[in-house]
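Asker: Fold the following.
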Amino acid sequence: MSDDTRICLGAIAGAFGVHGDVRLKSFTATPEDIAAYGPLEAEDGARRFEIALTGQTAKGALIARLSDVTTKEQADALRGVRLYAERSRLPALPEDEFYHADLIGLEVFDTGGAALGRVKAVLNHGAGDLLEVHGPGLKSTVLLPFTREAVPTVDLAAGRIVTDPPEGLF
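Answerer: Numbering: from 1, shown residues only. A predicted model of the protein is given here:
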């Protein structure tokens, strides 16, 4: 199955307790929505899981029960497994919102049209999204704030982003 037909909605962070519950990292805008998209499948497509949220940890991570996972050992074995849903089951987004999967791989240009690199990843460490940009002319990875000021244009059809980066970033 092609990855452009699926979107990663979360990842299993490890076991929680001894009865097969897991800690779940949700990549959805509202974390609890991860359970609303029906069964999610592992990246390789070999396993599908119904998700029932059972609570939250003190640090805010979701706790979930997955179908067919009943022991701590089974839950531990799933640590790091990424969970995907068919793109067709996800809602259409407003014009100024994007799925992270759609941004990865886009070419990045400055406002003068000079190529700067490509988006390798979309990161969020709590203060907003950052685009991880790699390119042959860059000495190291550049973390570009994904704000309207720094990224005025996202053209998915053309596969490009136009940036007006903060001074000295590139």
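Asker: Where does residue 36 sit: helix, strand or coil?
Answerer: Secondary structure state of residue 36, per DSSP: H, G, I helix; E, B strand; the rest coil, is helix.
Asker: Quick one: residues contacting it.
Answerer: By CB atoms under 8 Å, 6 or more residues apart in numbering, residue 36 lies in contact with nothing. From N, CA and C alone the C-beta is placed, and that goes for glycine too.
Asker: Show me the helices in this protein, by range?
Answerer: 72-77, 100-103 (DSSP state H).
Asker: any idea which of those is most buried?
Answerer: Highest mean neighbour count among the helices of the chain (mean count of other CB atoms under 10 Å): helix 100-103, with a mean of 17.
Asker: and that helix, what does it pack onto?
Answerer: The elements that helix 100-103 packs onto, with contact taken as 3 or more CB pairs under 8 Å, 6 or more residues apart in numbering; DSSP states H and E, are strand 6-16, strand 115-124.
Asker: For these, could you give me a markdown table that also reports mean pLDDT and mean neighbour count?
Answerer: Formatted as a markdown table, those follow (pLDDT from 0 to 100; neighbours: other CB atoms under 10 Å):
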| stretch | mean pLDDT | mean neighbour count |
| --- | --- | --- |
| strand 6-16 | 92 | 20 |
| strand 115-124 | 91 | 16 |
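Asker: need the ones you listed in CSV with distance to residue 85, can you?
Answerer: Formatted as CSV, the helices and strands packed on helix 100-103 follow (distance: least, CB to CB, whole Å):
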stretch, distance to residue 85
strand 6-16, 5
strand 115-124, 17
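Asker: among these, which is nearest residue 102?
Answerer: Closest approach to residue 102 among the helices and strands packed on helix 100-103 is made by strand 6-16 (8.7 Å; CB to CB).
Asker: which helices and strands does that closest one pack with?
Answerer: If you count contacts as 3+ CB pairs under 8 Å, 6+ apart, strand 6-16 packs onto strand 21-26, strand 40-42, helix 72-77, strand 82-86, helix 100-103.
Asker: closest one to residue 66 among the ones you listed?
Answerer: Nearest to residue 66, of all the helices and strands packed on strand 6-16, is strand 21-26, at 6.1 Å by CB to CB.
Asker: Might you list the low-confidence residue ranges for the protein?
Answerer: Scanning the chain for pLDDT under 70 picks out the ranges 1-4.
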